[in-house]
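K.L.:
My questions are about this predicted structure, shown below with the sequence.
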Amino acid sequence: MVTIKSQRELDKMRKAGEVVARVLEKISEIIAPGITTMELDRAAEEIIRKAGAIPSFKGVPCAYGGMDFPGSVCASINDQVIHGIPDHTVLKEGDIVSIDTGAILDGYHGDAARTYTVGQVAPEVRDLIFHTEEAFKLGMAKAVEGNHIRDISVAVQRYVESKGFSVVRDFVGHGIGTEMHEEPQIPNYVTRERGIRLSNGMTLAIEPMVNIGTWQVKVLENNWTVVTLDGKYSAHYENTIAVTPKGPEILTRNY
């Protein structure tokens, strides 16, 4: 069921979103060659808990029957698309890392992701990250009252493919609120369905996942980490947004 949030609920989601934004800002400050994804995870959890929030991702059950997710962030390196598990892997010059994180505050979730470079990266990889963020912005611009979910999908896919990249089809954006994943699903590619009509008060997590090569992916043996089928780099950009009378509002930012 799609939920419509009141102004009181949106205020709570803004506060949860601000915690998430602070985490991602901290990651941008400390990420560098030589740091491990476990260290990034610890820094994220410290910020979340100091804010009186709970990490959304920690302890989430595995859809494929494996272990519960152990981290406060998903840290996905290079060809890892999403759900990379933080560990003692040392980041090196030329890597990229997608950090996806969430926080629950006063019963409401914030969810956002960014892809960071580690030192200098190849021009094609830098373009990948840039165009993934631009695809998010174009998709978000369609999140207005009266449009349908498909309008977001069209904007994302057309832009990404016009730049020579591909959009992942196996995983999608989603509604968000008192649950991390609520209805509706928000594909980054065009489907036959128009999807629901958007209304003021809806809250959505729009999250293009964009690959340099094929859109096809597979899940690793840990039953969490998703990688590109051809081993080429992938980028991820996400924000929690609200449909409002003034247009879409990003909730995962510093207010």
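P.N.:
Received it, and whenever you're ready, just let me know what you need.
K.L.:
tell me which element G110 falls in.
P.N.:
strand 108-117 (DSSP states H and E).
K.L.:
Next SSE downstream of that strand?
P.N.:
Beyond strand 108-117 in the direction of the C-terminus, DSSP H and E gives the next helix or strand as helix 123-141.
K.L.:
Mind giving me the packing neighbours of the next helix or strand after that next one?
P.N.:
Helices and strands here follow DSSP H and E; after helix 123-141, the next one along the chain is helix 149-162. In this structure, helix 149-162 makes packing contacts with helix 123-141, strand 166-167, strand 182-186, judged by 3 or more Cβ pairs under 8 Å, 6 or more residues apart in numbering; DSSP states H and E. Any C-beta I mention is one placed from the backbone N, CA and C, and that applies to glycine too.
K.L.:
switch to 6 Å and redo it
P.N.:
helix 123-141, strand 182-186 (3 or more Cβ pairs under 6 Å, 6 or more residues apart in numbering; DSSP states H and E).
K.L.:
From the contact counts, what lies against the last one?
P.N.:
Using 3+ Cβ pairs under 6 Å, 6+ apart as the contact criterion, the neighbours of strand 182-186 among helices and strands are helix 149-162, strand 173-175.
K.L.:
So in this structure, which helix runs the longest?
P.N.:
Longest helix in the chain by number of residues, with DSSP state H as the criterion: helix 7-30.
K.L.:
one step back: buried ones in the strand holding G110, by neighbour count?
P.N.:
For strand 108-117, the buried set under the neighbour-count rule, 16 or more other Cβ atoms under 10 Å, comprises 108-117.
K.L.:
and the residue nearest to E182 when sequence neighbours are not counted, what is it in contact with?
P.N.:
Distances taken as Cβ to Cβ, 6 or more residues apart in numbering put G175 closest to E182, at 3.6 Å, once the chain neighbours are dropped. Contacts of G175 were listed using Cβ atoms under 6 Å, 6 or more residues apart in numbering, and they are 182-184, 204.
K.L.:
what pLDDT does G175 get?
P.N.:
Model confidence at G175, expressed as pLDDT, equals 98.
K.L.:
Pick the most deeply packed of the helices and strands packed on strand 182-186.
P.N.:
strand 173-175 (a mean of 23; mean count of other Cβ atoms under 10 Å).
K.L.:
so how many other residues sit close to A63?
P.N.:
Other residues within reach of A63, judged by other Cβ atoms under 10 Å, total 10.
K.L.:
So it versus N223, what's the distance?
P.N.:
8 Å (Cβ to Cβ, to the nearest Å).
K.L.:
Ok, A122 next?
P.N.:
Counting by Cβ to Cβ - A122 and N223 are separated by 31 Å.
K.L.:
Then E161?
P.N.:
Distance, E161 to N223, by Cβ to Cβ: 30 Å.
K.L.:
ok, what's across the strand from T115?
P.N.:
S98 (DSSP bridges).
K.L.:
these two touch, right, it and A235?
P.N.:
Yes. Because the distance of 4.1 Å satisfies Cβ atoms under 6 Å, T115 is recorded as touching A235.
K.L.:
shared neighbours, these two?
P.N.:
Jointly contacting T115 and A235 under the rule Cβ under 6 Å, 6+ apart are I129.
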